[in-house]
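Participant: just to be clear, the model below is a prediction. Sequence and coordinates:
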Amino acid sequence: MTENIVKYPPRGRTRAVKRFLGQFLRDRGAQVGLVCLVFFLIVAAMPNMLVGPLQTAINATGDFLAPPSGQHLLGTDEVGRDVLNLIVHGARISLTIALLATVISLVVGSTVGMASGYFGGWVDTWLMRITDFFFVMPSFVLALIITPVVLEVMGRSGYILGFRLSLFVIITVIGMTSWSFVARIVRSQTLSIKERTFIDRARVVGSSNLSIMVRHILPNLVPQIAANGALVVAGAIYIETSLSFLGLGDPLQPSWGTLLSLAQRAGAASAGAWWYLGAPGVCALMVSLSFVLIGNALDDTFNPRRRAIP
Amino acid sequence: MRDSSDILRLENLQVHFPIQGGLFDRMLGRPCGAVRAVDGLDLNVGRGEIVALVGESGSGKSTVGRVITKLSQPTGGRLLFEGRDMTSQRSSSALRSYRHHVQMIFQDAYQALNPRHTTFDIVAEPLRSLRLVDNDAQLSERVSEALAAAGLNPPGDFFARFPHELSGGQRQRVVIAGALAVKPELIVADEPVSMLDVSIRAQILQVLVDLRDRHNMALLFITHDLPLAWLIADRIAVLYLGKLVEIGSADDITFKPRHPYTVALLNATPQIGGAARPGVPALQGEVPSAARLPNGCRFHPRCPLAFDRCKVEEPPAIEVGPHHMSACWLAER
Amino acid sequence: MTNSFPDKEPLLRVDGLSVDYGLKGDPLRAIDGVSFELRTGEAVALVGESGSGKTTTAMAIAGLLSPNARVSGGQVHYRGQRLPIDDDAAMRPHRWSETSVVFQGAMNALNPVHRITKQIAEPCILKLGMTRGEATARAIELLELVGIPADRGVAYPHELSGGMRQRVMIAMALACRPSIIVGDEPTTALDVITQAQILKLLRDLRSQLNLALILITHDLSVVAESCDRVMIMYSGRVVEDGTVAEIFAEPKHPYTKLLIASIPNPANGKKMIRPIPGDPPNLVNRPSGCAFHPRCPSTMSVCTTEVPRLGRFGHGRVACHLHPPLQENMVTVHA
């Protein structure tokens, strides 16, 4: 054992990653979260293999608003489409939107928040004014203005990687409207971490500002970022729902959000069609929850004080 | 003789922090005065010398340490390292070479260590950021060497440990090892033992004294404890409200103090087997705020020996013996 | 509170006091069989490093143990009457009225949004049943007693210096006229000159009010000028107990000797650093036998296996195999 530690490779990346993964995968929450997420990723990856091609009003196979049965495991919608089929096809759009929007939001938010808190002074003042602007600007309004304009300019029908262009517009809009929340939290945390003596020590031993931010501040921000990332995922799914509801989504490529709004418009709640509302809702909830679990597990793993000491 | 071998010189060093006034003052751009944390300090540290900077809280002693380690920027005066003016040096290359020579040890080792870094990474950080090693083997060797010099043996046992897995004494040794790793010529130690258990203090002091003896490292030892200063230092400088009141050899300051404040500090220090010492009566009151300094000698409102001149004229540093200065009008005679 | 032997009965008698931390699983023994007596007006110092159990001992006596601590053995008698220290509810009337505590961090122990008179008056209202007016008068009286001018009573804690705040803490401790004051490192955060002022205040108050003092400290040098007796604690046990003069002139336990030697003392003119090797033990893996044996310069084989008993030695007590008790009677006082 001692022998092993002596040879502990300096900043041994592979070893550190291995150790990290080992710790991470031992966490019960991480296991549940990962299983759940992987399940949805598989579903999103091969919808056609699982439930056949996307059903439309034309090739719908069932009755109107039929409850779950052997043939339609999750019932049907108001035009007779199989809800399971729609959910599985919607997973890809919803996950793509949620993940990419969250990545944009976290990267922009953390960078702005950290720079603002660390440098202070006029950098802080300006970055925070910009953040405030995005903070008070309702994402809806912004999305409502940006989306049609961009769609008009770039055309509605372009495809990138098999997704329609409007999807990326929505992703960007969601990302750009949710980062300010992350930036504020990261900034306040950075302000308190910056006052800790180990930051002074890092400066005395010659670390550059960038290295202090990346090696000292960022790891201590992981719990906040991870926890908020989970919230942003949930928020992104929700905003996507609203945008779809207003007709800015893509009716030809249903997402869980579009399904929810369709269900509401079809009066699923009053008609007692719980499967129609429930199925996309539960899916969105499970994805959000799995991110929360993974976020918590990441926090536990990154925080050495919470690790079980062998 | 001392001049030629001085490694660090502070000349008339000043650190004034502006006071944030109320909203009204700020809107009118009105200055609200300043806290004069350090107010005209002259101090030199020789190569391989241990100088103790002694003062109460609010005396500005920690600020001096922060200026020397370039964590704070002075508002006046000069900071000379090996004759080079480092006062307003901000370029990263100059700072890097400066930090190669000047390192710091902190009071609270628990706070000074990033809880998410291992001992190895903590000690390796200066070597990496100052680019002092070429490869990993060299890095491991330097880290081991530093840990061993700080008394953590065998070093390999500590590489993978996190700060919370170490005892208080071990944590302070890790901080020391981090400072040692670059083989500096001057270490600023800000109250390095005051947070430690009594039985551990002597161990840490021993490490510091060994560094000087073996590597001729200079040490600026910041403390509030005069007996401790006497134990470790060659010279003692006593600071009151941002200004030196007395400086001299450790023995002179301890046994032949010439400034009433030094005498008061010595009298206030509890001692084993020492009954109440005769002489100057105990000091009354507390250190005034550095934002409103008294006129004349800044010690006169509390000084039991103050006379009229002290209230109007600030005494200069007066030579009272070989390398022994006291800033007191009484020392004139 | 009838007492048949008012002169022989000490003010406070602690017999075999043990405290465990952690209610579930493996409890950690924080203090183990601590016994001592305190007489009226006497000042005893509890000296030890972090984890030695000095604070736990004092807090158990004052009935202020944290919720995860449990008294697992021993008794405490106050003026001959047994204190229910192991019963939280029954202890409530005794808390702060017989024994009160001056805490270390005055800034944390004071409420920042209340004026100091109000904070000092609070225990008078709650414990002594005074009206607001009476309590305020008492608070001002107490402030003057600890050397704070009455007109400063309207100040908030942040407007006072560290020394002043510590005086306020002392005034609060005196509010219910206790006969024992516990000082939990009352001067550790203060500067030397302020420390000397506070120690002098405590000395004056003791003689003025005939108070007994339990001073918790890690700093032996503070003890020399402000206490009558010293109890050295190590890893939850008392290792030596004696008068200040005895302990400093002729320490018996190797740990005491090393502690005294590690204090820089210009008076003896020797610039020598004598480190005590090793680290203080933690509660989880306490060494077998005498807890000090891994760090002791004169360990014998018996030290690693047998816990030395705290026996009478000279005028004091010592727990060390180098100094076996002279006669076989333990120091526990027969009730």
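Facilitator: Sure, I can see it.
Participant: quick one, helices of the stretch 201-335 of chain C?
Facilitator: Counting by DSSP state H, counting those that start in this stretch, residue ranges of the helices within the stretch 201-335 of chain C are C:220-226, C:244-249, C:254-261.
Participant: of all those, which one is nearest chain B?
Facilitator: Among those, the nearest to chain B by C-beta to the nearest C-beta is helix C:220-226 (4.5 Å). For the C-beta atoms, the positions are set from N, CA and C on the backbone; glycine is no exception.
Participant: which bits of the stretch 1-150 of chain C sit near chain B?
Facilitator: Proximity of the stretch 1-150 of chain C to chain B, by C-beta under 8 Å from any C-beta of the partner chain, involves residues C:49-50.
Participant: can you give me the helices for the stretch 1-150 of chain C?
Facilitator: Counting by DSSP H, counting those that start in this stretch, the helices of the stretch 1-150 of chain C are C:54-62, C:88-91, C:106-109, C:116-128, C:132-145.
Participant: these: which one's closest to chain A?
Facilitator: Using C-beta to the nearest C-beta, the nearest of the helices of the stretch 1-150 of chain C to chain A is helix C:106-109, at 17.4 Å.
Participant: could you give the mean pLDDT of the closest one?
Facilitator: Averaged across helix C:106-109, pLDDT comes to 73.
Participant: please apply the same query to stretch B:69-82.
Facilitator: With pLDDT averaged residue by residue, stretch B:69-82 scores 92.
Participant: which of the residues in that stretch are buried?
Facilitator: Buried positions in stretch B:69-82, judged by neighbour count with 16 or more other C-beta atoms under 10 Å in any protein chain shown: B:69-72, B:74-75, B:77, B:79-81.
Participant: show the end-to-end separation of it, please.
Facilitator: 14 Å (C-alpha to C-alpha, to the nearest Å).
Participant: kindly export stretch B:242-250 (C-alpha atoms) in CSV.
Facilitator: Output of stretch B:242-250 as CSV, limited to C-alpha atoms (Å, rounded to 0.1, in the frame of the first residue of the first chain):
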residue,chain,number,x,y,z
GLY,B,242,1.4,51.0,12.1
LYS,B,243,4.7,52.4,13.2
LEU,B,244,7.8,50.8,14.8
VAL,B,245,8.2,52.0,18.4
GLU,B,246,11.3,50.0,19.2
ILE,B,247,13.7,47.7,17.4
GLY,B,248,16.8,45.9,18.6
SER,B,249,18.3,42.5,19.3
ALA,B,250,16.0,40.0,21.0
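Participant: distance between it and the chain's centre?
Facilitator: 13 Å (C-alpha atoms, centre = their mean, to the nearest Å).
Participant: that older thread, looking at the helices of the stretch 1-150 of chain C, which is nearest to B:L293?
Facilitator: The minimum distance between B:L293 and the helices of the stretch 1-150 of chain C falls on helix C:106-109, with 25.0 Å, by C-beta to C-beta.
Participant: which regions of the stretch 201-310 of chain A lie under the pLDDT threshold?
Facilitator: Applying pLDDT under 70 to the stretch 201-310 of chain A picks out residues A:245-252, A:302-310.
Participant: quick check: B:P163 touching B:R173?
Facilitator: No: using C-beta atoms under 8 Å, B:P163 is not in contact with B:R173, being 11.5 Å away.
Participant: mind naming the longest helix for chain B?
Facilitator: helix B:198-215 (DSSP state H).
Participant: show residues contacting the helix or strand that comes right after it.
Facilitator: Per DSSP states H and E, helix B:198-215 leads on to strand B:218-223 as the next helix or strand towards the C-terminus. Residues outside strand B:218-223 that contact it (C-beta atoms under 8 Å, 6 or more residues apart in numbering or on different chains): B:7-8, B:45-54, B:61-62, B:64-65, B:68, B:185-192, B:194, B:208, B:211-212, B:229, B:232-233.
Participant: residues contacting the closest residue to chain B within the stretch 1-150 of chain C?
Facilitator: Closest to chain B within the stretch 1-150 of chain C is C:E49: 4.0 Å, counting by C-beta to the nearest C-beta. C:E49 makes contact with B:197-199, C:218, C:234, C:280, according to C-beta under 8 Å, 6+ apart.
Participant: top of those by neighbour count?
Facilitator: Within these, most neighbours by other C-beta atoms under 10 Å in any protein chain shown means C:Y234, with 27 neighbours.
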